[in-house]
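**Q** My questions are about this predicted structure, shown below with the sequence.
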Amino acid sequence: MENQIFQLQYAIDTFYFLVCGALVMWMAAGFAMLEAGLVRSKNTTEILTKNVALYAIACTMYLVSGYAIMYDGGWLLNGIQDFDLEGVLAASAENGFEGDSVYSGASDFFFQVVFVATAMSIVSGAVAERMKLWSFLVFAVALTGFIYPMEGSWTWGGAEVFGLYNLGDLGFSDFAGSGIVHMAGAAAALAGVLLLGARKGKYGPNGEIYAIPGANLPLATLGTFILWMGWFGFNGGSVLKLGDAANAHSVAMVFLNTNAAAAGGAVAALITGRILFGKADLTMLLNGALAGLVAITAEPSTPTALQATLFGALGGILVVFSIITLDKLKIDDPVGAISVHGVVGLLGLLLVPVTNDGSSFSGQLIGAATIFVWVFAASFAVWFALKLITGIRVTEEEEQQGVDLAECGMEAYPEFMSK
């Protein structure tokens, strides 16, 4: 009877993992819609192509090499398809129902691979409207197959950083990836943006900053809601279990806090924008909601709902000022990805010790520095090599015409384009 109960728990935990993974996969649609809405119409087809292609590349490269690097597993997932019922039951006898999570290895890979794709999706929006498509896709191979898995092995994988120190021993904690996923993606994006340069017409010769509005704010809003929904899988799945009372309660609190933080970030960004600009800025509202989600991702299980709302609000306020500051520094990020995922990702890491006694501020700082330095340096090296070998930026004429025609040979809205 006990074995049957445990098999049921195993099935529930595995199914929950898979459903959460599917929710995170749906975030790929959110990123695609958000970015398609915030770029100009002449660059829409290319940004959609990038989002579909990067997801496929991430899934393939994580299968080929990424999972093995990150968790010291088998290359090409050797053995993951095998099912050892006796081993599962032995784990039940050793750990009991309240012990470590036991679920299908295939479900673990599926859940992890959609996180890799999320990190790469962050890069897509930041380098939009002026990067060569194929240079971007080559970089996607490097990030998802090696750069991200390396820092993942030092964090969630538990390996020592180049054999020097263990982040877990230092008090580093990142529940669902404010730093491991979001700040890492932003670091890779920042390296690319610095080498790529700003879009033509974005900045004037005397320091002027010119707004370049997106073509479809309804799409951007839809993308934000899709991401908001997908985040329940992102954070909720990171509990890893559902099949007992304690973990079921933890999942419920994670869902509650994730939603509360997003709401807090949205309201705070809307108010901040009204104070600074005198208007209700929709793009800041959208980024505020996403910032709230990023801020709570590092630790959504231990705060109260009120604390989660306040943490999200801090993220919503910070992201507005970060976007303004990056513009003043002439770091051109069409969708605000570096601010949302990088700056607020760091905030999320630093908020963890407020409610989680198992972490420390020093450990969070060291962990954040490790992730950023590694991902930025490795990404900069790859971007720089691509710049020397193939180039990473389209020509001025192609940028003026739009990368849809230059890179994809088709337009997203052909009946509305002037001939």
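**A** Everything's here; your move. Because the structure is a prediction, the values reported are computed rather than measured.
**Q** Which residues does stretch 359-374 contact?
**A** Outside stretch 359-374, the residues within contact range by C-beta atoms under 8 Å, 6 or more residues apart in numbering are 147, 150-151, 154-155, 161, 165, 167, 170-174, 179-180, 183-184, 187, 299, 346, 349-350, 352-353. No exception for glycine: its C-beta is placed from N, CA and C like everyone else's.
**Q** Those residues in helices, which ones?
**A** Counting by DSSP state H, the part of those found in helices is 150-151, 154, 184, 187, 346, 349-350, 352-353.
**Q** so who does residue 416 touch?
**A** Residue 416 sits next to residue 41 when contact means C-beta under 8 Å, 6+ apart.
**Q** Residue 406 versus that one, what's the distance?
**A** Residue 416 sits 18 Å away from residue 406, going by C-beta to C-beta, to the nearest Å.
**Q** try residue 177
**A** In this view, residue 177 and residue 406 are 34 Å apart by C-beta to C-beta.
**Q** Neighbour count for those two, which is higher?
**A** Applying other C-beta atoms under 10 Å to residue 177 and residue 406 shows that residue 177 carries more neighbours, namely 25 against 19.
**Q** Which residues are in contact with the more buried one?
**A** Taking C-beta under 8 Å, 6+ apart, one finds 115, 234, 238, 297-298 in contact with residue 177.
**Q** Next: residue 401.
**A** For residue 401, the contacting residues are residue 42, by C-beta under 8 Å, 6+ apart.
**Q** And residue 389, how close does it get to residue 111?
**A** From residue 389 across to residue 111, the span is 35 Å (C-beta to C-beta).
**Q** which one of those two has more residues nearby?
**A** residue 111 (24 against 10).
**Q** what secondary structure does the more buried one sit in?
**A** Following DSSP: H, G, I helix; E, B strand; the rest coil, the label given to residue 111 is helix.
**Q** pretty sure residue 260 contacts residue 309?
**A** Yes. Between residue 260 and residue 309 there is a contact under C-beta atoms under 8 Å: 4.5 Å.
**Q** Kindly check the end-to-end length of stretch 36-45 for me.
**A** Using C-alpha to C-alpha, to the nearest Å, one end of stretch 36-45 lies 8 Å from the other.
**Q** these two touch, right, residue 103 and residue 13?
**A** Yes. Assessed by C-beta under 8 Å, residue 103 is found in contact with residue 13 at 4.5 Å.
**Q** anything in contact with each of the two?
**A** By C-beta under 8 Å, 6+ apart, the residues touching both residue 103 and residue 13 are 240-241.
**Q** who wins for neighbours among the ones in helices among the contacts of stretch 359-374?
**A** Among the ones in helices among the contacts of stretch 359-374, residue 184 has the most neighbours (other C-beta under 10 Å), with 33 neighbours.
**Q** if I pick that one, what's in contact with it?
**A** Listed by C-beta under 8 Å, 6+ apart, the contact partners of residue 184 are 119, 148, 151, 371-372, 375.
**Q** Likewise for residue 379?
**A** Residue 379 neighbours (C-beta under 8 Å, 6+ apart): 139, 142-143, 147, 187-188, 191-192.
**Q** Among those, which are located in strands?
**A** In strands, defined here by DSSP state E, there are no members of the contacts of residue 379.
**Q** Burial check on residue 54, number of neighbours?
**A** The number of residues packed near residue 54 is 27, by other C-beta under 10 Å.
**Q** Is there a neighbour count for residue 3? I'd like the number.
**A** Neighbourhood size, residue 3 [other C-beta under 10 Å]: 12.
**Q** Next: the one 3 residues further on.
**A** Burial of residue 6 is recorded as 20 neighbouring residues (other C-beta under 10 Å).
**Q** What helix or strand is it located in?
**A** Taking DSSP states H and E as the criterion, residue 6 maps to helix 2-38.
**Q** Quick check: closest non-adjacent residue to residue 303.
**A** Spatial nearest neighbour of residue 303, chain neighbours left out: residue 355 (4.6 Å); criterion: C-beta to C-beta, 6 or more residues apart in numbering.
**Q** What does the one you found show for phi and psi?
**A** Recorded main-chain torsions at residue 355 are phi -120, psi -10, according to degrees, to the nearest 10.
**Q** For it, give me its contacts.
**A** 299, 302-303, 307.
**Q** which of those tops the neighbour count?
**A** Ranked by neighbours (other C-beta under 10 Å), the contacts of residue 355 are led by residue 299, which has 29 neighbours.
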